[in-house]
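# Okay, sequence plus prediction incoming.
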Amino acid sequence: MAESLLITNGTIVTWEPGQEFIENGAIYIEGGRINEIGPARDLEARYAQADRLDAGGQMVMPGNICAHTHFYGAFARGMAIPGPAPKDFPQILEKLWWPLDQALREEDVRYSALICLVDAIRHGTTTLIDHHASPNALDGSLDIIADAVEEAGLRAVLSYEVTDRYGPESARASIAENVRFLRACKTRRNIAATFGLHASLTLSDETLGECVDAAQGLETGFHIHVAEDPADEYDSLAKSGKRVVDRLCGAGILGEKSIVVHAVHTDAREKEILRDMSTWVTHQPRSNMNNAVGAADVEGMLRMGIPVCLGNDGFSNAMWEEWKAAYLLHKVWNRDPRRANGADIAEIAIQNNAALASLLFPASPPGLLMPGAAADIIFVDYNSPTPVHAGNLPWHIIFGFEASMVTTTIVAGKALMRDRKLLTLDEKAISARARELAPSVWERYHSIVGATL
Ligand SMILES: [Zn+2]
């Protein structure tokens with residue numbers, strides 16, 4: 001018999017248009033999916049035999065989705081960058097991320113992922129779309145991450161970033177890793193894959209062509225950073241005479257399963273191409289501020305009909321922090337307090353993230369609470385001092401919610417955290433082992449960055 005669970009005594013926030021709130025509601029889960037949602041008294045009578053989980057009057061919401069992240073960056077926390085501070089985005093890549101990805105060994109890949117997965121469970125992020133790089137521990141690295149995700153019990157979409165920066169052999173190996181994992185992930189629960197590419201600025205036409213050829217028949221899109229900084233556009237113009245989106249479109253990289261990350265410096269025509277190709281764009285405001293690369297025209301893209309989603313680019317897996325950053329960034333960037341309306345942010349973070357995740361997990365679509373959807377659910381202990389309803393919920397999230405208010409995290413009907421106690425991962429043991437590994441990761445990083453400075 002399929003595993004079943006009845007969540008009762010909660011304020012259900014479905015995010016389903018027209019039926020966002022159910023006071024004193026219940027959710028009946030069977031086989032990892034939501035079977036029925038309704039008033040608690042009805043469902044308690046109908047499913048009297050089911051195991052019960054009392055939400056204690058908390059808000060019961062879909063788990064958050066992160067549309068773009070990098071587990072591999074976890075060891076960067078607290079790490080010193082030698083020499084003068086990087087002055088722009090290309091220097092941040094050269095002095096921080098590229099030497100760090102080279103410093104990772106297999107166990108570091110595993111612990112980078114585990115650190116992020118603990119953070120995700122604790123802060124209610126249940127689906128993560130990851131973009132991985134570890135050129136010195138490349139073959140099988142996506143399996144190492146997938147094993148960690150399965151141990152955690154979360155849902156993830158994995159990819160390996162193809163780049164030319166470590167030579168043709170490494171590029172070929174990274175293409176093979178994507179292809180291998182796109183096939184291998186089909187036998188795993190709650191794991192999907194997409195084809196990772198670093199960015200136009202580190203990919204030749206030949207490599208792009210090899211990726212498109214390798215992806216034939218795999219029914220996948222690509223996951224690639226685009227125009228995060230003007231350097232990507234200048235590189236593309238110098239290399240091909242085309243802007244980045246035109247170049248990628250010409251190469252066959254765009255499409256309705258492809259994810260374009262950032263799109264900060266795309267021009268009007270590039271946005272038209274993204275829309276016409278039904279390609280997803282992800283927005284990462286904390287990362288954009290940290291790298292000082294500017295602010296994407298998110299509202300303009302939404303008005304054009306481009307599905308913009310919300311990611312974190314390796315920042316904490318507390319997605320409401322990303323809501324808050326988006327809300328503030330566009331106001332100060334445009335010096336206009338009307339920008340980045342709370343409802344627009346909810347559209348990105350809830351509706352569009354759910355649509356993207358559902359494309360990648362069609363059998364049990366995550367992100368909204370409705371019959372047939374994945375039973376990926378969080379409890380939020382939010383004692384509001386003012387009325388909460390569907391119309392003002394985004395502003396409660398932006399001004400009132402904290403990630404620490406997540407008390408219970410459930411994925412596919414299975415509790416991964418209950419009353420703030422982690423049930424699948426041992427946070428203390430993971431942190432302790434990561435602290436043992438970090439000094440050697442940092443040492444390797446320092447010798448690599450020292451050699452390239
Ligand atoms: Zn990224």
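Now that the structure is in, tell me what you want to look at.
# Any regions of the chain where pLDDT drops low?
Applying pLDDT under 70 to the chain flags the ranges 1-2, 452-453.
# On the three-state scheme, Leu274 is what?
Here Leu274 is recorded as helix under DSSP: H, G, I helix; E, B strand; the rest coil.
# try the one 4 residues further on
In the three-state summary, Ser278 is assigned as coil, counting by three-state DSSP.
# Can you report how many residues neighbour it?
Per other C-beta atoms under 10 Å, the neighbour tally for Ser278 reads 14. C-betas here are computed from N, CA, C, even on glycine.
# Which residues are in contact with it?
255-256, 307 (C-beta atoms under 8 Å, 6 or more residues apart in numbering).
# Please indicate which of the residues you listed are buried?
Pro307 (16 or more other C-beta atoms under 10 Å).
# nearest to Cys211, of the contacts of Ser278?
In terms of C-beta to C-beta, no member of the contacts of Ser278 lies closer to Cys211 than Gly255, at 12.9 Å.
# Which helix runs longest in the chain?
helix 427-452 (DSSP state H).
# ok so, going back, any chance of the contacts of Ser278 in a markdown table, with distance to Glu210 too?
Below are the contacts of Ser278 laid out as a markdown table (distance: C-beta to C-beta, whole Å):
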| residue | distance to Glu210 |
| --- | --- |
| Gly255 | 17 |
| Glu256 | 22 |
| Pro307 | 28 |
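# Which strand or helix spans Ile398?
helix 393-399 (DSSP states H and E).
# hang on, the earlier thing: helices - which of the contacts of Ser278 land there?
Per DSSP H, the subset of those in helices is empty.
# closest to Asp246 among the contacts of Ser278?
Gly255 (14.9 Å).
# what sits against the closest one?
Gly255 touches 221, 277-279, counting by C-beta under 8 Å, 6+ apart.
# next one: phi and psi at it?
Backbone torsions of Gly255, given as degrees, to the nearest 10, read phi 160, psi 180.
# Equivalent analysis for Leu356, please.
According to degrees, to the nearest 10, Leu356 has phi -70, psi -50.
# returning to that earlier point: which one (most neighbours) among the contacts of Gly255?
Thr279 leads the contacts of Gly255 on contacts (other C-beta under 10 Å) with 26 neighbours.
# That one and Arg303: what is the separation?
Distance of Thr279 to Arg303, given as C-beta to C-beta, to the nearest Å: 16 Å.
# Where do the strands of the stretch 201-350 of the chain begin and end?
For the stretch 201-350 of the chain, strands defined by DSSP state E, counting those that start in this stretch occupy the ranges 222-226, 259-262, 280-283, 308-310.
# how about the ones you listed, which one is nearest Ala214?
strand 222-226 (10.9 Å).
# The closest one pairs with which strands, parallel or anti?
strand 195-199 (parallel), strand 259-262 (parallel) (DSSP bridges).
# These into CSV, with extra columns for distance to Leu360?
CSV is the format used below for the strands paired with strand 222-226 (distance: least, C-beta to C-beta, whole Å):
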stretch, distance to Leu360
strand 195-199, 12
strand 259-262, 10
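# Can you add distance to Asp130 and mean neighbour count and give those back as a markdown table?
Listed next are the strands paired with strand 222-226 as a markdown table, based on distance: least, C-beta to C-beta, whole Å; neighbours: other C-beta atoms under 10 Å:
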| stretch | distance to Asp130 | mean neighbour count |
| --- | --- | --- |
| strand 195-199 | 9 | 26 |
| strand 259-262 | 11 | 27 |
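# nearest to Asn64, of those strands?
strand 259-262 (17.3 Å).
# which residues touch Lys239?
204-205, 247.
# which one among the residues you listed gets closest to Thr14?
Arg247 (41.2 Å).
# you'd agree the closest one is up against Ser200?
Yes. Between Arg247 and Ser200 there is a contact under C-beta atoms under 8 Å: 6.0 Å.
# Between the two, point out the one with more neighbours.
Ser200 (26 against 23).
# residues contacting that one?
Taking C-beta under 8 Å, 6+ apart, one finds 224, 226, 232, 235-236, 244, 247-248 in contact with Ser200.
# show me where the stretch 1-150 of the chain has strands.
4-13, 21-30, 33-39, 52-54, 59-62, 64-69, 125-130.
# With distance to His283 and mean neighbour count added, can I get those strands in CSV?
Formatted as CSV, those follow (distance: least, C-beta to C-beta, whole Å; neighbours: other C-beta under 10 Å):
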stretch, distance to His283, mean neighbour count
strand 4-13, 22, 22
strand 21-30, 27, 20
strand 33-39, 28, 18
strand 52-54, 34, 16
strand 59-62, 19, 26
strand 64-69, 8, 29
strand 125-130, 13, 28
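# Looking at the strands of the stretch 201-350 of the chain, which is nearest to Arg41?
The nearest among the strands of the stretch 201-350 of the chain, by C-beta to C-beta, is strand 308-310 at 36.0 Å.
# ok, back up a step: with Ser287 as the reference, name the closest of the strands of the stretch 1-150 of the chain.
Closest among the strands of the stretch 1-150 of the chain, using C-beta to C-beta: strand 64-69, at 9.0 Å.
# Direction included, what does that closest one pair up with?
strand 125-130 (parallel).
# ok, residues contacting the strand it pairs with?
62-71, 113, 116, 119-120, 145, 154-159, 194, 223, 259, 311, 317-319, 356-357, 360-361, 366-367, 376, 378, 409-411.
# One more: stretch 415-428?
Contacts of stretch 415-428 (C-beta under 8 Å, 6+ apart): 53, 114, 117-118, 121-122, 151-154, 406-410.
# could you redo the last one with a cut-off of 6 Å?
118, 121, 152-153, 407-409 (C-beta atoms under 6 Å, 6 or more residues apart in numbering).
# Using neighbour counts, pick out the buried residues of that stretch.
The neighbour-count check on stretch 415-428 (16+ other C-beta under 10 Å) flags 415-417, 422, 424-425 as buried.
# Glu151: which element?
helix 141-152.
# so that helix versus strand 195-199, what angle?
120 degrees (axes from the mean of the first three to the mean of the last three C-alpha atoms, to 10 degrees).
# Surely Arg444 touches Ala103?
Yes. Using C-beta atoms under 6 Å, Arg444 is in contact with Ala103, at 3.8 Å.
# Settle it for me: which of the two has more neighbours?
Here Arg444 and Ala103 are compared on neighbour count by other C-beta under 10 Å; more neighbours surround Ala103, at 24 against 18.
# if I pick Ile29, what's in contact with it?
5, 375, 413.
# mind checking how far the closest residue to Tyr445 other than its chain neighbours is from Ile27?
Closest residue to Tyr445 apart from its sequence neighbours, by C-beta to C-beta, 6 or more residues apart in numbering: Ala103 at 4.2 Å. Counting by C-beta to C-beta, the separation of Ala103 from Ile27 is 44 Å.
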